[in-house]
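Asker: Predicted structure and sequence below. I'll ask about it afterward.
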Amino acid sequence: MDSPPLPPPILIIEAVEKQFRRGTETLHILQGIDLQVRRGEFVALMGPSGSGKTTLLNLIGGLDRPSRGRVAIDDQRIDQLSDRRLAAWRARHVGFVFQLYNLLPVLTADRNVELPLLLTSLNKARRRQQVALALRVVGLTDRARHYPRQLSGGEQQRVGIARAIVTDPTLLLCDEPTGDLDRKSGDDILDLLQALNRDHGKTIIMVTHDPHASARATRTIYLNKGQLSATAVA
Amino acid sequence: MRFLHLIWSNLKRRKLRTLLTLLSIVVAFILYGYLSAIARAMDQGVSLAGADRLIVRHRVSITQPLPESYLRRILAIPGVQNAAHASWFGGIYQDPRNFFAQMAIIPEAYLDLYPEFLLPADQRLAFIRTRTGAIAGRRTAQKYGWNIGDRIPIQATVWVRQNGESAWEFDLVGIYDGAEEGTDTTNFYFHYDYLDEARAFGQGLVGWYMVRVQDPDQAATVARLIDAEFANSPQETKTETEGAFLRGWAQQIGDITTIMSAILSAVFFTILLVTGNTMAQSVRERTEELGVLKAMGFDNLLTLALVLAESCLLAILGGTAGLAIAWFLIASGDPTGGALPIFYFPRQNLLWGILIACGLGLAAGWLPARQAMRLQIAEALRRI
């Protein structure tokens, strides 16, 4: 029996380089990166500190621009967009999950989740529905009115994930999502990400140091000294 | 409106700091309100002065009297439509602190010259017909609880009676209102004839004259003619428009407007620094949060607008609270107990106050907002 055809790539990175200047010195953070990620994949991006993982994630998420090469998502060259259009693109297509959750401490959980929806044309009632749905997906319906300081680390990260998925983005980008959590909470978060990938078809790219976390992904790629490889470099 | 909750929540981030900044702004705007009211009081209604009215006083000083006989000669001068005189009484009602101006006038001529004093027809008639009659402005009548029909005793400080007594009694027959907000409704007027016949000395003398000219464009010419009429006499005159007279009176204690402007400029500059510092600290503290918002898709202009809106909200809240408090305090009365008869918060200054609050918000928030706008996302998130 024939296997079903593979879905087309959602992310295409070609010959991407990223350089930074520090004084008179030029730092080559990423060199000749080529990468394709298909819709519905859960990709773990691993590598030692300083290998350029977060820089690559920033380029994919449109938070930064490559020095050379092209980054296309859903056939859209995001490296060529103006700042304003890139911001609008991020609002529609990307959800970010950060290592330290990065919730606004002055807002309750539901208000934090609502933030990306403020950039849409949804009215208040629709926004509330969307927020309730996202909180239900991450299992935090009963904690909606709590402030971040009243939540555990694992719960805060769940709110962070709810915020990332509330607009139903094309890509979910996670930067060390379990890096600040104990094993149990980390496992819960990984379970959640896996469920989002498996049950909701979310395309996820996750930066991690942790082989335990990367084991949950459908594919793992390695970055070392700014270059990609299919296997870990010792 | 959809961002209002976010803006408001950010203001509540450091409650004490926001409260202290807010209080500073409130106090600055209360001061602004008071100084505006004092400036208007010192202005003595220059802006409301009749363009067609002249004041004729003794050339040396307004404290020097003029003969009552000048009235007939003034009325005969070409260009003069009407004239009346007034004399300062300077008495005490119950307590020296109860200050209000008392003036002896010729009722009919004086009220014709000052149509801004609104007096019902029956009270006007009663005033003209009653020799011991007097009228009081609404503010003074309310302040002392006077009603029509009351007998008002006033102790003279200068004009003792021929029998040696200094007590004068007047029958209150009318209470006048002002046609405009700035019209002085603190004065007390009574018959000149009553004063002149009963006083122990100074018969036939008056304080100053008010003249209405037929053509306001000819006011300067008529003033020169009046002064020429009495040149080289024992009581030479100085004639000027009512506005110039009142301005000169106010300037005897300095250029109030300039002094007020200097004080307010210093106050608002200080508040600008205080508010700007609050906003700068607030933005610096949440660099990472701003980076996260931008990562979500908040663009540079929206980030700029959010910080500016926060700064404006702070300034407008403080400003309107300060203006409202100033309004109530000023409406409760002249803090000097009568030395500032025209004491109110001019509406124009109130509107200016709101504009100043908006300007303060924009100016204080501009640099932090620009800093937030220029923030590079990757740079901001790297601090995490």
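Answerer: Yep, that arrived.
Asker: Spell out which parts of chain A neighbour chain B.
Answerer: Residues of chain A lying near chain B by C-beta under 8 Å from any C-beta of the partner chain: A:55, A:58, A:61, A:63-64, A:83-84, A:87-92, A:96, A:98-100, A:102, A:104-107, A:111, A:115-116, A:118-119, A:124, A:163. From N, CA and C alone the C-beta is placed, and that goes for glycine too.
Asker: So which of those sit within helices?
Answerer: A:55, A:58, A:83-84, A:87-92, A:111, A:124, A:163 (DSSP state H).
Asker: Quick check: B:I226 touching B:T239?
Answerer: Yes: if you go by C-beta atoms under 8 Å, B:I226 and B:T239 touch, sitting 4.5 Å apart.
Asker: Please enumerate the shared neighbours of the two.
Answerer: B:L54, B:V56, B:V211 (C-beta atoms under 8 Å, 6 or more residues apart in numbering or on different chains).
Asker: who wins for neighbours among those?
Answerer: Counting neighbours by other C-beta atoms under 10 Å in any protein chain shown, the top entry in the shared contacts of B:I226 and B:T239 is B:V211, with 27 neighbours.
Asker: For that one, give me its contacts.
Answerer: B:R53, B:L54, B:I55, B:V56, B:I74, B:V80, B:N82, B:A83, B:V222, B:I226, B:T239.
Asker: wait, isn't the second one in contact with B:V213?
Answerer: Yes: under the contact definition of C-beta under 8 Å, B:L54 touches B:V213, with a separation of 6.4 Å.
Asker: Phi, psi for B:A380 please.
Answerer: Dihedral angles of B:A380 (phi, psi; degrees, to the nearest 10) stand at phi -60, psi -40.
Asker: wait, I meant A:D168
Answerer: phi 50, psi 60.
Asker: and it, how many residues sit next to it?
Answerer: A:D168, neighbours per other C-beta under 10 Å, totals 13.
Asker: Now do it against B:M296, distance only.
Answerer: 14 Å (C-beta to C-beta, to the nearest Å).
Asker: Roughly how far does the residue of the stretch 251-384 of chain B found nearest chain A sit from A:A132?
Answerer: Here the stretch 251-384 of chain B gets closest to chain A at one residue, B:G297, 2.5 Å apart by C-beta to the nearest C-beta. The spacing between B:G297 and A:A132, counted by C-beta to C-beta, is 21 Å.
Asker: Those two: who's more crowded?
Answerer: B:G297 (24 against 15).
Asker: Leaving out sequence neighbours, find the closest residue to the more buried one.
Answerer: Closest residue in space to B:G297, ignoring its immediate chain neighbours: A:A91 at 2.5 Å, by C-beta to C-beta, 6 or more residues apart in numbering or on different chains.
Asker: so what's that neighbour up against?
Answerer: A:P116, A:L119, A:T120, A:T167, B:M296, B:G297, B:F298.
Asker: tell me the contacts of the third one?
Answerer: A:T120 makes contacts with A:A91, A:R127, A:T167, as judged by C-beta under 8 Å, 6+ apart.
Asker: Which of the residues you listed lies at the shortest distance from A:A215?
Answerer: The shortest approach to A:A215 among those belongs to A:T167, at 28.7 Å (C-beta to C-beta).
Asker: Once you drop chain neighbours, what's closest to that closest one?
Answerer: Using C-beta to C-beta, 6+ apart, the nearest residue to A:T167 is A:P116, at 4.9 Å.
Asker: So that neighbour versus A:G160, what's the distance?
Answerer: Going from A:P116 to A:G160 by C-beta to C-beta gives 12 Å.
Asker: Name the nearest residue to B:V267, ignoring sequence neighbours.
Answerer: Here the nearest residue to B:V267 in space, its sequence neighbours aside, is B:A28; by C-beta to C-beta, 6+ apart that works out to 5.0 Å.
Asker: ugh, wrong one, A:P66
Answerer: A:V16 (4.5 Å).
Asker: how big is the angle separating the strand or helix carrying the one you found from helix A:83-93?
Answerer: Assigned by DSSP states H and E, A:V16 belongs to strand A:9-22. Using axes from the mean of the first three to the mean of the last three C-alpha atoms, to 10 degrees, the direction of strand A:9-22 lies 140 degrees away from that of helix A:83-93.
Asker: Run the chain-centre distance for strand A:9-22.
Answerer: 16 Å (C-alpha atoms, centre = their mean, to the nearest Å).
Asker: Residues touching it, excluding its own?
Answerer: Contacts for strand A:9-22 (C-beta under 8 Å, 6+ apart): A:26-39, A:52, A:55-56, A:59-60, A:64, A:66-74, A:170-171, A:203, A:205, A:226.
Asker: Pairing partners for the residue nearest to A:P66 in the sheet, please.
Answerer: When assigned by DSSP bridges, A:V16 has beta-bridge partners A:I33.
Asker: ok, now which ones touch the residue of the stretch 251-384 of chain B closest to chain A?
Answerer: Counting by C-beta under 8 Å, 6+ apart, B:G297 touches A:A87, A:A88, A:W89, A:R90, A:A91, A:R92, A:P116, A:L119.
Asker: again, but for B:G178
Answerer: When contacts are counted by C-beta under 8 Å, 6+ apart, B:G178 is found next to B:E116, B:F117, B:L118, B:G137, B:R138, B:D184, B:T185.
Asker: Go ahead and flag the most central residue of chain A.
Answerer: Centroid-nearest residue in chain A: A:L173, 0.7 Å away (criterion: C-alpha atoms, centre = their mean).
Asker: That residue in helix, strand or coil?
Answerer: strand (DSSP: H, G, I helix; E, B strand; the rest coil).
Asker: What's the separation between A:I60 and chain B?
Answerer: 12 Å (C-beta to the nearest C-beta, to the nearest Å).
Asker: Send over stretch A:138-151 as CSV, restricted to the C-alpha atoms.
Answerer: Output of stretch A:138-151 as CSV, limited to C-alpha atoms (Å, rounded to 0.1, in the frame of the first residue of the first chain):
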residue,chain,number,x,y,z
VAL,A,138,-4.2,24.0,28.1
GLY,A,139,-6.4,23.0,31.1
LEU,A,140,-6.5,26.3,32.9
THR,A,141,-10.1,27.3,32.7
ASP,A,142,-10.3,27.6,36.5
ARG,A,143,-7.2,29.8,36.7
ALA,A,144,-8.3,32.4,34.2
ARG,A,145,-8.7,35.3,36.7
HIS,A,146,-5.4,34.6,38.5
TYR,A,147,-2.3,36.8,38.1
PRO,A,148,1.0,35.2,37.0
ARG,A,149,2.4,35.5,40.6
GLN,A,150,-0.5,33.4,41.8
LEU,A,151,0.4,30.5,39.4
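Asker: who does the longest helix seen in chain A touch, helix- and strand-wise?
Answerer: In chain A, with assignment by DSSP H, the single longest helix is helix A:183-200. Applying 3 or more C-beta pairs under 8 Å, 6 or more residues apart in numbering or on different chains; DSSP states H and E, we find helix A:183-200 packed against strand A:42-46, helix A:153-165, strand A:171-175, strand A:203-207, helix A:211-214.
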